[in-house]
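In: whatever this is, show me its structure:
(2 chains)
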Amino acid sequence: MIDLKKLRDAPDEFKASAARRDPDLVSRLDTILELDRQRRAVLREVEALKASRNKASFEVAQRKKAGDDASDLLAELKTASAKIKDHDQRLHDIEQELTHQQLRIPNPPLASVPTGDASANQEIRTWGEPRTFSFEPKPHWDIGQSLGILDLAGGAKVAGKGFPVYVGLGSKLVRGLINFMLDLHTTEHGYVEVWPPALINEASARGTGQLPDLANDMYVTEDGLFLTPTAEVPVTNLHRDDTLAIGQLPLGYAAYTPCFRREAGAHGKETRGITRVHQFDKVELVCFCTPESSGEELERLLGHAEMVLQRLELPYRVLALATGELGFASAKTYDLEAWAAGMNTWLEVSSASVFTDFQARRANIRYRPKAGAKPDFVHTLNASGLALPRTIIALLENNQMEDGTVRIPEALVPYLGVERLTPNAR
RNA sequence: GGAGAGGUGUCCGAGUGGUUGAAGGAGCCGGUCUCGAAAACCGGUGGGCUCUUACGGGUCUCGAGGGUUCGAAUCCCUCCCUCUCCGCCA
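Out: I've put the predicted structure just below:
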């Protein structure tokens, strides 16, 4: 949720920032400003009416207590009350429209975010060297099939396209990666591990910004719950309506959840293999912190996600996303892209974002800067650490050998119990 | 799913139509005392919106949303959540 006071106090500055995302936002912000003016005008009227009503009501109480007659006042109050009801209705209508509009304005980008579409993304750094092959590296769907660890047809049979099945060491690889990542983040990076629900309610989806506009990206159940698209939603909303103590911050959680995405309209792109699927597994890092520290927290989160790739010995690059590429709630995002030798491309395996106070406003997550001080909104951040399918793609494609086996990086060996994936091994 | 009990401020806990934003206690903040601390004592202490340069004022808020009433924490309706018992079930 945008900060209405900020918009009101410095409208031009606010609009200029929003326009870097989308020039159409300017007129929508003007609409909001007008609604805000109306709201405050009606509010002043209705509050004046209520003030005089309260005064008269008090007088009635006094007279009744004293045994005096108050029928003249009561008659007066009856009409005043009707008038108030009328004004309240108008106020309610305006506020409803205002909220409707406000909920649909994305977070303005931070100044350091480059303006433009994907072509304006900035490469921050790279790590590792894409390996050179003495043979033609295969794509992961071929490797997965010949090793017998990936059953796409089976998944399509039991659920549908985009629901992969991992078999044997493939399944163990999924399980091992989840454990490896959670262990790394909890023991070395200091995160508190949580295991949240995979289904979320409407209020949670609104809190992190999936609703109202991104409803079509989620699966809905019959009783109005959504299958979570990312652990960010349940974990961030864990503290919805909370006021955190300053001593709790920064507060970091690491959570595994399956993630569900309808990917409506994405068909035809990246349809082979497991690059884009409807259900996948992900370990997510979520952080609550003070507004002053969110800049450095973003860098820390990014570093923690990078560490996963480094331990897995996967070459990657870090991109600072341009304004046109930012997610709805994000003020700044880094993407982490791992190299996939078989597909001969970079694949997004993680995304680290700072949401400033945008989600905190929606979800009403505050903190008290010091005992006795007024509460203020926290800043929230998250980073994938990491999403599994594309990590698996990179592992299979980069570490494949000419004989068809796949080398397992050292960090994962304890989790898999083997140093190499071989055909039909169990 | 059925029956019952209940949701009050940071926490515990009073309060069944009119100076109740809400007793009392704890906590927290400030002060007195002390070399310092503890204890004791005194004072202060919710949040949102809004008006005001400011001091300060107004309004809303007792799970959520509606309703009755001149007036609702208190009465009525709907929903949500927690607890107990029963049923069902991994």
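In: give me phi/psi at residue A:381?
Out: With angles defined as degrees, to the nearest 10, residue A:381 sits at phi -140, psi 160.
In: could you do the one 10 residues further on as well?
Out: Comment: the main-chain dihedrals of residue A:391 come out as phi -70, psi -40, following degrees, to the nearest 10.
In: that one: what's it in contact with?
Out: Listed by Cβ atoms under 8 Å, 6 or more residues apart in numbering, the contact partners of residue A:391 are A:177, A:308, A:312, A:314, A:338, A:349. Every C-beta, even on glycine, is put in place using the N, C-alpha and C of the backbone.
In: ok, now with 7 Å
Out: Listed by Cβ atoms under 7 Å, 6 or more residues apart in numbering, the contact partners of residue A:391 are A:177, A:312, A:338, A:349.
In: sort out for me which of those are in helices.
Out: residue A:177 (DSSP state H).
In: which residues of chain A lie near RNA strand B?
Out: A:4-5, A:40, A:43-44, A:47-48, A:50-51, A:53-58, A:60-61, A:64, A:74, A:77-78, A:80-81, A:92, A:243, A:371-372, A:374-375 (Cβ under 7 Å from any atom of the strand).
In: now the buried members of those.
Out: A:4, A:53, A:56-57, A:60, A:77, A:80 (16 or more other Cβ atoms under 10 Å).
In: quick check: longest helix of chain A.
Out: Looking across chain A with DSSP H, the single longest helix is helix A:25-66.
In: that one - what's its average pLDDT?
Out: With pLDDT averaged residue by residue, helix A:25-66 scores 90.
In: just the pLDDT for the residue in the stretch 301-426 of chain A positioned nearest to RNA strand B.
Out: Nearest to RNA strand B in the stretch 301-426 of chain A, going by Cβ to the nearest atom of the strand, is residue A:371, at a distance of 3.5 Å. Predicted confidence (pLDDT) for residue A:371: 72.
In: what's it sitting at in phi/psi?
Out: Reported as degrees, to the nearest 10, the phi and psi values for residue A:371 are phi -50, psi 130.
In: so where's chain A shaky on pLDDT?
Out: For chain A, applying pLDDT under 70 flags the ranges A:265-270, A:426.
In: domain assignment for it?
Out: Using automatic domain parsing, the domain parsing of chain A gives A:4-102, A:118-421.
In: among those, which is the most enclosed?
Out: Most buried of the domains of chain A, by mean neighbour count (mean count of other Cβ atoms under 10 Å): domain A:118-421, with a mean of 19.
In: how far off centre is that domain?
Out: 11 Å (Cα atoms, centre = their mean, to the nearest Å).
In: now do the same end-to-end measure for it.
Out: Domain A:118-421 has an end-to-end distance of 36 Å (Cα to Cα, to the nearest Å).
In: on that earlier part again, can you redo the contacts of residue A:391 as a markdown table with distance to residue A:299?
Out: Shown next, in a markdown table, are those (distance: Cβ to Cβ, whole Å):
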| residue | distance to residue A:299 |
| --- | --- |
| A:177 | 24 |
| A:312 | 21 |
| A:338 | 19 |
| A:349 | 18 |
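In: could you identify the most distant pair in the contacts of residue A:391?
Out: With Cβ to Cβ as the measure, no two of the contacts of residue A:391 lie farther apart than A:177 and A:338, at 12.9 Å.
In: quick one: residue A:21 is in a strand?
Out: No - assessed with DSSP: H, G, I helix; E, B strand; the rest coil, residue A:21 is coil; it does not lie in a strand.
In: spatially nearest residue to it (excluding sequence neighbours)?
Out: residue A:323 (4.8 Å; Cβ to Cβ, 6 or more residues apart in numbering).
In: was I right to think the one you found contacts residue A:113?
Out: Yes - using Cβ atoms under 7 Å, residue A:323 is in contact with residue A:113, at 5.5 Å.
In: picking up where we left off before, could you dump the domains of chain A into TSV and include distance to residue A:109?
Out: Supplementary listing: the domains of chain A in TSV, determined by distance: least, Cβ to Cβ, whole Å:
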stretch	distance to residue A:109
domain A:4-102	6
domain A:118-421	5
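In: where does residue A:112 land in three-state SS?
Out: Three-state assignment for residue A:112 (three-state DSSP): coil.
In: quick one: the closest residue to it other than its chain neighbours and residue A:55, what's the gap?
Out: Nearest non-adjacent residue to residue A:112, counting by Cβ to Cβ, 6+ apart: residue A:332, 6.6 Å away. Computed as Cβ to Cβ, to the nearest Å, the residue A:332 to residue A:55 distance reads 51 Å.
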